[in-house]
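Asker: Pasting the sequence and the predicted coordinates here, then a few questions.
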Amino acid sequence: MNKFDRQSGSADIQTLPDDIAEELSRLPSEVISVDDAPSIAPPVPLSQDEVRTIVISLMLTMFLAALDQTIVATALPTIGRQFQDVSNLSWVITAYLLASTAVAPVFGTLSDIYGRRVMIIISLSLFVAGSVLCAVAPNMPMLILARGLQGLGGGGIMPVVQTVISDVVSPRERGQYQAYFSSVWMVGGILGPVIGGVFAEHLHWSMIFWINLPLAAAAIVMLLPKMKKIPVFHRKRKVDWLGGVLLMASAVVFMLVLTWGGSRYPWLSPTVLAMVGGAVALAVSFVWHARRADEPFLPLKLLTGSVAPFALTAGGCGLGAITGLTVQLPLYYESVYHLSASEAGLALIPLAAVSTVGAAVAGRTMARAKHYKRVAIIGTSWAALCGLGLTLTTLPLWGLLTLMAAFALGLGTTFPVCVVSLQNSVARPQVGTITGAMNFFRSLMSSFTVAAFAAILLIALGIDVPLAGEHHAAGAVAILADDMRHAFRYVFGAATALMTIAALCLIAMEERPLAGPATAQPVEMAE
């Protein structure tokens, strides 16, 4: 007998006839609401070898976006000297971040309308075109514009890749793959500055952009032939371009506030206050339009319910905490422990690497446990306790790194649980939309946390605080170690508060059954 739970609005599609299952997967978003998400996905007609090839190609694709967020930083001084323009160097980073954040929900939604294959081709093409233009840029303004174009492609890669994974792998199995993709970001974060420095010093800074071409070509060659066999869940409909423009505009203005506030302009300056007002006005306009549109660009109902708001908040707090600490900790290491800039960078490895271990533990737990969110609740609670320890104690370097690794282990459990819970809570034709929205809000939360942590240090120290990449050991040591240690207790306290909020959100989040086999086995990456 076909199963259908009218109270929860979920159906076991695997027990339905093929024609009915197909019709259910193509129902409009207005009919399939957040609460009507199918609990078990249709079977995926892909062999293990094909899934392995797709996963590896997606990892390579995501590596492009991960590498490009860090590889440029160490080459900035060389670029500034060549173009004889140091004042605008920060825009080489900012242009990419603004563009990639703004378009994340756009690519996610469009992948639900036009399909994953089309959007992955477009995002990779924009990324490659931007890379070429960056490499041949004759001056700083052209480089900044090219970085913006590159950011458009990079911002599309992340949500589309995560959406393709959701098409290939059932929700219960999907958590295991988050460890693979978390490791991609870890490797990109570690290798990026090293590769960028080597290219800038021994070859030419343009190589940091030329290297993207063979990587992108390899990803396309591996991925596109297999994508023809990926199940199709997108549904063509009219695109709400006005809603998309309003959402992107509000995001860009808000990101500029976080970028310029406290650095280029005082937080209470007329310019910053006017930009805050503009961002709020654009956001309100977007909400007003979305409530009245027949098929809004980002249906507001997707962001409500018993799963989405809690998963979005918990994931945002987790990413915000790790991003904010990654940006500010080098200054702490240099001031308090008198490490060099390179040694301070190496000291970040426990934070990045062990969070990947936490993601792997959570992913494997999700594949086997009925109450899968418990691992994230325990992990975030453990991270909050470790953060409290960092706040209240003064430790030698080895003790700090050990406690930081323990903090990262708990924090890492947040990501697979939040991603899979979000994707599992919506209908198949809306997975791309919710994935794009997730990346959008996470980027905003990361930017907000970086700005907030810098503001905390500014207030505690009473001096201007340089961000990572802008300070050197000599300048950092000029700040008294005791003053920096005292000021950073507030930063660790803020990170503790974020993990406490994440734990509370996970407790409040509904734990819906995950689709897929009860004991899923991961696809091995090598024979």
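Answerer: Received it, and whenever you're ready, just let me know what you need.

Asker: going forward, measure contacts between C-alpha atoms and count neighbours the same way
Answerer: Noted.

Asker: OK, contacts around residue 437?
Answerer: Under the criterion of C-alpha atoms under 8 Å, 6 or more residues apart in numbering, the neighbours of residue 437 are 104, 105, 108, 298.

Asker: and with 6 Å instead?
Answerer: The contact partners of residue 437, by C-alpha atoms under 6 Å, 6 or more residues apart in numbering, come to residue 105.

Asker: Report the secondary structure state of residue 370.
Answerer: Judged by DSSP: H, G, I helix; E, B strand; the rest coil, the three-state class of residue 370 is coil.

Asker: Next, count neighbours for it.
Answerer: Applying other C-alpha atoms under 10 Å, we find 15 other residues in the vicinity of residue 370.

Asker: Same check on residue 270?
Answerer: Burial of residue 270 is recorded as 11 neighbouring residues (other C-alpha under 10 Å).

Asker: what's near enough to touch residue 457?
Answerer: The contact partners of residue 457, taken as C-alpha under 6 Å, 6+ apart, are residue 487.

Asker: Name the helix or strand for it, please.
Answerer: Residue 457 belongs to helix 431-461 when elements are defined using DSSP states H and E.

Asker: Pull the distance from that helix to the chain's centre.
Answerer: For helix 431-461, the separation from the chain centroid amounts to 10 Å (computed by C-alpha atoms, centre = their mean, to the nearest Å).

Asker: Without its sequence neighbours, what residue ends up closest to residue 205?
Answerer: Counting by C-alpha to C-alpha, 6 or more residues apart in numbering, residue 199 is the residue found nearest to residue 205 once chain neighbours are left out, at 5.7 Å.

Asker: before we move on, the earlier item: give me the buried positions along the helix holding residue 457.
Answerer: By neighbour count, with 16 or more other C-alpha atoms under 10 Å as the criterion, the buried positions of helix 431-461 are 431-458, 460-461.

Asker: which helices and strands does the strand or helix carrying residue 355 pack with?
Answerer: Secondary structure here is read from DSSP H and E; on that basis residue 355 sits in helix 349-368. Identification of packing neighbours for helix 349-368 by 3 or more C-alpha pairs under 6 Å, 6 or more residues apart in numbering; DSSP states H and E yields helix 171-202, helix 397-412.

Asker: which of those has the lowest average pLDDT?
Answerer: For those, mean pLDDT drops lowest on helix 171-202, to a mean of 74.

Asker: So for that helix, what gets flagged as buried?
Answerer: Judged by neighbour count using 16+ other C-alpha under 10 Å, the buried positions of helix 171-202 are 171-200.

Asker: Tell me what angle it forms with helix 349-368.
Answerer: 160 degrees (axes from the mean of the first three to the mean of the last three C-alpha atoms, to 10 degrees).

Asker: would you list every one of the strands in this structure?
Answerer: Chain-ordered strands for the chain, with DSSP state E as the definition, fall at 4-5, 10-11.

Asker: low-confidence ranges in the chain?
Answerer: Across the chain, the ranges flagged by pLDDT under 70 are 1-47, 74, 87, 229, 231-236, 341-342, 462-479, 515-527.

Asker: Which residue comes closest to the residue most central in space within it once chain neighbours are left out?
Answerer: With distances taken as C-alpha atoms, centre = their mean, residue 439 lies nearest the centre of the chain, 5.1 Å away. Nearest in space to residue 439, with sequence neighbours left out and distances taken as C-alpha to C-alpha, 6+ apart, is residue 104 at 6.2 Å.

Asker: Next, count neighbours for that neighbour.
Answerer: Taking other C-alpha under 10 Å as the neighbour definition, residue 104 ends up with a count of 29.

Asker: give me every residue that touches residue 254.
Answerer: Residue 254 neighbours (C-alpha under 6 Å, 6+ apart): residue 279.

Asker: Okay, it and residue 189: tell me how far apart.
Answerer: As judged by C-alpha to C-alpha, to the nearest Å, residue 254 and residue 189 stand 25 Å apart.

Asker: and the closest residue to residue 177 other than its chain neighbours, how many neighbours?
Answerer: The shortest distance from residue 177 to any residue that is not its chain neighbour, by C-alpha to C-alpha, 6+ apart, is 7.1 Å, and that residue is residue 363. By other C-alpha under 10 Å, 29 other residues sit near residue 363.

Asker: same question, the one 3 residues further on
Answerer: Using other C-alpha under 10 Å, the number of residues around residue 366 comes to 29.

Asker: got it, and residue 123?
Answerer: When neighbours are defined as other C-alpha under 10 Å, residue 123 has 22 of them.

Asker: For residue 122, see how far away the residue lying closest to it once chain neighbours are set aside is.
Answerer: Beyond its immediate neighbours in the sequence, the residue positioned closest to residue 123 (C-alpha to C-alpha, 6+ apart) is residue 153, lying 4.1 Å away. Taking C-alpha to C-alpha as the measure, residue 153 falls 7 Å from residue 122.

Asker: Equivalent analysis for residue 151, please.
Answerer: 13 Å.

Asker: by how many degrees do the helix holding residue 355 and helix 397-412 diverge?
Answerer: For helix 349-368 against helix 397-412, the angle between stretch directions is 30 degrees (the same axes, to 10 degrees).

Asker: Export helix 349-368 to PDB, keeping only CA atoms.
Answerer: As requested, the backbone C-alpha atoms of helix 349-368 are provided in PDB (Å, rounded to 0.1, in the frame of the first residue of the first chain):
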ATOM      1  CA  ILE A 349      45.600  24.600  11.400                       C
ATOM      2  CA  PRO A 350      44.000  22.900  14.500                       C
ATOM      3  CA  LEU A 351      41.000  25.200  14.200                       C
ATOM      4  CA  ALA A 352      40.500  24.300  10.500                       C
ATOM      5  CA  ALA A 353      41.600  20.700  10.500                       C
ATOM      6  CA  VAL A 354      39.800  19.500  13.600                       C
ATOM      7  CA  SER A 355      36.500  21.100  12.500                       C
ATOM      8  CA  THR A 356      36.600  18.800   9.500                       C
ATOM      9  CA  VAL A 357      36.900  15.800  11.900                       C
ATOM     10  CA  GLY A 358      33.800  17.000  13.700                       C
ATOM     11  CA  ALA A 359      31.900  17.200  10.400                       C
ATOM     12  CA  ALA A 360      33.000  13.700   9.500                       C
ATOM     13  CA  VAL A 361      31.800  12.400  12.900                       C
ATOM     14  CA  ALA A 362      28.500  14.100  12.500                       C
ATOM     15  CA  GLY A 363      28.100  12.800   8.900                       C
ATOM     16  CA  ARG A 364      28.700   9.200   9.800                       C
ATOM     17  CA  THR A 365      26.400   9.500  12.800                       C
ATOM     18  CA  MET A 366      23.600  10.800  10.600                       C
ATOM     19  CA  ALA A 367      24.000   7.700   8.300                       C
ATOM     20  CA  ARG A 368      23.300   5.400  11.200                       C
END
